[in-house]
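Visitor: Predicted coordinates and the sequence they were generated for:
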Amino acid sequence: MEPSFGISDSQCVATVRGHELKNGQKEPRLLSLLECSGQFKLDILANPEAIVLSPVPQLSIPINNHFQLVREAEEALLIDISCDTTVRIRLKGEQTPELHLELQDDVHTQSFLQHVTKAKQQAEKRSSLPRKMEPVVPVPVKDCIPVPPQRGNSRSTSNNINNSTLVKPSNTDSAFSLTTDFGFEEKKNQKNRIRDPPPPPLPPLPPRKGTYTPSTNHTAGPTTKERPPSAQNATPVRNEFQPVDRAASWSDSPSNYTMRQAMMSSHAGSREGLLKYRLSKKEKEYVDIKNFRFFIGTWNVNGQSPDSSLEPWLCSYPDPPDVYVLGFQELDLSTEAFFYMDSSKEQVWVDAVERSLHPKARYIRIRIIRLVGMMLVVYVNKEHKHHIREVASESVGTGLMNKMGNKGGVAVRFVFHNTSFCFVNSHLAAHVDDFERRNQDYKDICARMSFHLLEHPPLSIVKHDVVIWLGDLNYRLCLPDAAEVKRLIADKELRRLQEYDQLNIQRQTKRAFTDFMEGEINFTPTYKYDAKSDRWDSSGKCRVPAWCDRILWRGSNVKQLHYRSHMELKTSDHKPVSSVFSIGVKMVIEQRYKKVFEEIVRDMDRLENDFLPSLSLTRREFTFENVKFRQLQRQSFLITNDGQVACTFAFIPKLNDSQYCKTWLRAEPSEGVLDPNEKMEIFLEVYVSKDSVTLLNSGEDKIEDILVLHLDRGKDYFITVAGNYLPSCFGTSLETLCRMKKPIREIPITKLIDLGEDSCMEKEKSRINLLLEGAGTEDKPLKIPKEVWLLVNHLYTKACQQEDLFQTPGLQDELQSIIDCLDTSIPESIPGSNHSVAEALLIFLEALPEPVLCYELYQRCLECSHDSRLCKQLISQLSRAHRNVFRYLMAFLRELLKHSIDNNLNANLLATLFASLLIRPPPNLAGKQTPQDRQKTNDFILGFLMAGDDD
């Protein structure tokens, strides 16, 4: 094995934007972690806009034993419902003053801090043992394709492996780059002259444009679920929950920011983007195809540690692969792994893998990502490391409320030479009859998995040349008789069995994995075996054998050479599966590429001097009728380039706005490039999440917005969006709901506003007079909202013994039916499964504008969490609605614990889950909540769960 660090020449490992806090003011900063010959330093740039240029650091801090980084906010749990949070850190070097910085608490920041922590650890260990493998950073290659310095190392992010390090630019090139990037050319000659062609940029990938949805729209498009791109932050080593309620690819997309800055601040930036786009359109003229071998492996290890060599799995073929992609499921089944990001099993399995890689080649690890028990690790042959770029990783949790990471997917993407790859490792919903839930998990992963690289718009899974999907997909056989299945296996009638395979049926009926292919299965089912043996499951449940563990692919130039299981390994109740592919990779031919590049530059110069860009739009006014909470609506329009020259467009913020649209609106794609006469379909999506529902319920916001479609070197186009919103009890305050005797849809909006104002008065009044006498009047509020009673009463009467209650997600169609039912009626029974009703209760609590334990009492809650008497006193000081709801919920949860043998619940799990919903920090403290604070909120709830019913 080869270490991945210690590369010569300075390379940018990770970059993140933030603000320095000075004298009560915030000043923008760009932080870049650089590595040179195994040494690290942290550069801090005062002007982040120079990221598209050639930045010179304002401050450079060596990372050594004197370097200190103190993080004031640490996200530790997977469950969190706050949003738009920040994290504050303090930095201090050997000879530098302490800096106080505020960063956005998102995937890029988490990954950046992980990189810095690793760099600090390496600095401390440099004089002792050799370093373990870390994510690779490619080094410059001599005699490679010329790359202009303006595309260089300053644009790397934590999700990038240095996007442009294929050549070491000369001083002359650097000077040219500074001149052109900063616009120091003579403007009087710019319009009329034909420029000498600059060095060509790195060959771009083929265009991925046209409509927003791929051909698998009906299976992979956005769903009505809450739609964050990932429920957990994806980092190279571990994942934390990403507490956002809408996709990062919406109006605040990093790529939107980059594109907008390029268009509005520098014509050179826009020209470079257009140049890359046109190069990608002519890719076939300068690439040849060369085949490489990819080893793909998947194994559900059932929480076990490795007890034997993995060579029978990883070295089962004589020729060494060029790339290893290995996915694990159920790596760790402990409660700590479920709720916290750390797992002791991770390094144990990584070490076992690295000891068993093919001995005929030397490999380096380029990325590892883990979400609870799902782990994906990628290795490449050392000789290829310079041709790997734009590495990124992401994760999506599809467990309860899209936040639990016990089910979902992790993915790694990169570009190898000039072909883009995406590898997805997933663990889908279990149980024989839950194939629809597995389909839903697949659709959610497709819709929400999005990779963010500064130089690109958000990349979904399908926007890659080759996609390989592996994992414990959990699809079973539609045959209930285990004995009959085992007989058919013994008779080697595998093809007949596969007619009953749920995955095959779902693919044939185009409900999931529609565009994916799978090789012929000639191996026996890989699930379920008695541990440490080859015997089929002999437990009381006697599981029916099934091909749960699968490997599928989509893309061109892909040939499967082998597809098999490995019966020799008996660690788990699953058998590992492997597949070897020969994949044609696009290799750039330098001379042909330079010729195409020069032709394009000459043509662009001529067209820019003669023509201005222009667009035509088929629609500019949109009306969305009857918008509901958590229910997606989409409309589209076509834009056509009716000019003579290619045009670059993007939606941009209006004056004084930071985002291009309101939180409930999204345009997709939000930016792009069109050739003359080319058309593109733009989708407008309206989706009301917990972040926007309260203002819409109260009438403070309306379904009204104006979008500005900006055309580079052209005019702006204005698009109006209007509609009507149907109020929901979800996102309405407890006090207001207690004053509603009718469903919320039957109450006029003016009355809703009055009720909201009355509720504020009621809240104050109840604090003065907790009894609030007045029985017999029609205006007396309900003790608890009828919606809370309906949900809890359903679960109390029908679901106390439900297996895995509050651990299994509901179905989205059922959740929408439950929301509509509560908004429009007072039903005798709640529709949907027990799991859907349970999730609806959690969504209701999550959407409350103020949590059950009010914001103003949050700090006191932390202070008294150790004393049950003080906790009870605190609850007594809540307003009547909040106090009654809290006590009602605690009584219900204590009743659930009496049936823990059936429902698999325990007090710690319930305390952790409900504490994150009932006791939320105020918005101004959300980014400052520490793991200790979280534990105190858990202890607060735990005290009530462990108390007697009389308490």
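Guide: Here it is on my side, so go on.
Visitor: got any ranges where the stretch 851-951 of the chain has weak pLDDT?
Guide: The model of the stretch 851-951 of the chain has pLDDT under 70 over residues 949-951.
Visitor: one more time with 80, if that's ok
Guide: 926-928, 948-951 (pLDDT under 80).
Visitor: Where do the strands of it begin and end?
Guide: Assigned by DSSP state E, counting those that start in this stretch, the stretch 851-951 of the chain shows no strands.
Visitor: The stretch 1-150 of the chain too?
Guide: 11-22, 25-36, 39-45, 59-62, 68-71, 86-92, 99-104.
Visitor: Then the stretch 451-600 of the chain?
Guide: Under DSSP E, counting those that start in this stretch, the stretch 451-600 of the chain gives strands at 459-460, 466-472, 549-555, 558-565, 577-588.
Visitor: circling back to that earlier point, can I get the strands of the stretch 1-150 of the chain in TSV with distance to Pro613 and mean pLDDT?
Guide: From N, CA and C alone the C-beta is placed, and that goes for glycine too. TSV is the format used below for the strands of the stretch 1-150 of the chain (distance: least, CB to CB, whole Å; pLDDT from 0 to 100):
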stretch	distance to Pro613	mean pLDDT
strand 11-22	30	82
strand 25-36	31	82
strand 39-45	32	86
strand 59-62	41	86
strand 68-71	46	82
strand 86-92	38	84
strand 99-104	33	86
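Visitor: Indicate which one of those is closest to Thr797.
Guide: strand 86-92 (43.4 Å; CB to CB).
Visitor: And that closest one, what's buried?
Guide: Neighbour counts over strand 86-92 (16 or more other CB atoms under 10 Å) mark Thr86, Val87, Arg88, Ile89, Leu91 as buried.
Visitor: and the first one, what does it touch?
Guide: What that stands for is Thr86. Ala73, Glu102, Leu103, Gln104, Asp105, Gly927 (CB atoms under 8 Å, 6 or more residues apart in numbering).
Visitor: so which of the strands of the stretch 451-600 of the chain is the most packed in?
Guide: strand 466-472 (a mean of 25; mean count of other CB atoms under 10 Å).
Visitor: elements contacting that strand?
Guide: strand 287-300, strand 323-329, strand 419-427, strand 549-555, strand 577-588 (3 or more CB pairs under 8 Å, 6 or more residues apart in numbering; DSSP states H and E).
Visitor: Rebuild those as a markdown table, extending it with distance to Ile461 and mean pLDDT.
Guide: Formatted as a markdown table, the helices and strands packed on strand 466-472 follow (distance: least, CB to CB, whole Å; pLDDT from 0 to 100):
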| stretch | distance to Ile461 | mean pLDDT |
| --- | --- | --- |
| strand 287-300 | 16 | 97 |
| strand 323-329 | 14 | 98 |
| strand 419-427 | 5 | 97 |
| strand 549-555 | 9 | 98 |
| strand 577-588 | 17 | 97 |
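Visitor: closest one to Glu856 among those strands?
Guide: Glu856 lies closest, by CB to CB, to one member of these: strand 419-427, at 41.0 Å.
Visitor: which of the residues in the following helix or strand past that closest one are buried?
Guide: In the C-terminal direction, the helix or strand that comes right after strand 419-427 (DSSP states H and E) is helix 435-448. Of the residues in helix 435-448, 435, 437-448 count as buried by neighbour count, 16+ other CB under 10 Å.
Visitor: And for stretch 349-357?
Guide: Buried-residue list, stretch 349-357, by 16+ other CB under 10 Å: Trp349, Val350, Ala352, Val353, Glu354, Ser356, Leu357.
Visitor: Now do it: distance to the chain's middle.
Guide: 27 Å (CA atoms, centre = their mean, to the nearest Å).
Visitor: Just the CA atoms from that stretch would do, formatted as PDB, please.
Guide: Presented in PDB, the C-alpha positions along stretch 349-357 are these (Å, rounded to 0.1, in the frame of the first residue of the first chain):
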ATOM      1  CA  TRP A 349     -12.700  -3.200   8.400                       C
ATOM      2  CA  VAL A 350     -10.600  -0.700   6.500                       C
ATOM      3  CA  ASP A 351      -7.400  -2.300   7.800                       C
ATOM      4  CA  ALA A 352      -8.800  -5.800   6.900                       C
ATOM      5  CA  VAL A 353      -9.500  -4.500   3.400                       C
ATOM      6  CA  GLU A 354      -6.100  -3.000   2.900                       C
ATOM      7  CA  ARG A 355      -4.300  -6.100   4.000                       C
ATOM      8  CA  SER A 356      -6.200  -8.100   1.300                       C
ATOM      9  CA  LEU A 357      -6.000  -6.000  -1.800                       C
END
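Visitor: Just the mean pLDDT for that stretch, thanks.
Guide: Across stretch 349-357, the average pLDDT comes to 97.
Visitor: now stretch 443-456
Guide: Mean predicted confidence for stretch 443-456 is 87.
Visitor: For that stretch, measure first residue to last.
Guide: Taking CA to CA, to the nearest Å, stretch 443-456 runs 23 Å from one end to the other.
Visitor: from the middle of its chain, how far away would stretch 365-375 be?
Guide: Relative to its chain's centre, stretch 365-375 lies at 14 Å (CA atoms, centre = their mean).
Visitor: For the nearest residue to Arg389 once chain neighbours are set aside, give me its contacts.
Guide: In this structure, Arg389 finds its nearest non-sequential neighbour in Val415, 5.1 Å apart by CB to CB, 6 or more residues apart in numbering. The contact partners of Val415, taken as CB under 8 Å, 6+ apart, are Leu205, Ile388, Arg389, Glu390, Phe421.
Visitor: Just the element for the nearest residue to the fourth one once chain neighbours are set aside, please.
Guide: Right, Glu390. Closest residue to Glu390 apart from its sequence neighbours, by CB to CB, 6+ apart: Val415 at 4.6 Å. Using DSSP H and E, Val415 sits in strand 408-416.
Visitor: Within its sheet, name the partner strands of that strand and how each one runs.
Guide: According to DSSP bridges, strand 408-416 forms sheet pairs with strand 388-397 (antiparallel), strand 419-427 (antiparallel).
Visitor: any idea which of these is most buried?
Guide: strand 388-397 (a mean of 27).
Visitor: My read is that Cys864 contacts Ile875, right?
Guide: No - applying CB atoms under 8 Å, one finds Cys864 not in contact with Ile875, separated by 10.2 Å.
Visitor: Let me know which of the strands of the stretch 451-600 of the chain is the nearest to Thr663.
Guide: Using CB to CB, those put strand 459-460 closest to Thr663, at 20.9 Å.
Visitor: Now do the helices in the stretch 601-750 of the chain.
Guide: Per DSSP state H, counting those that start in this stretch, the stretch 601-750 of the chain carries helices over the ranges 690-698, 734-738, 749-768.
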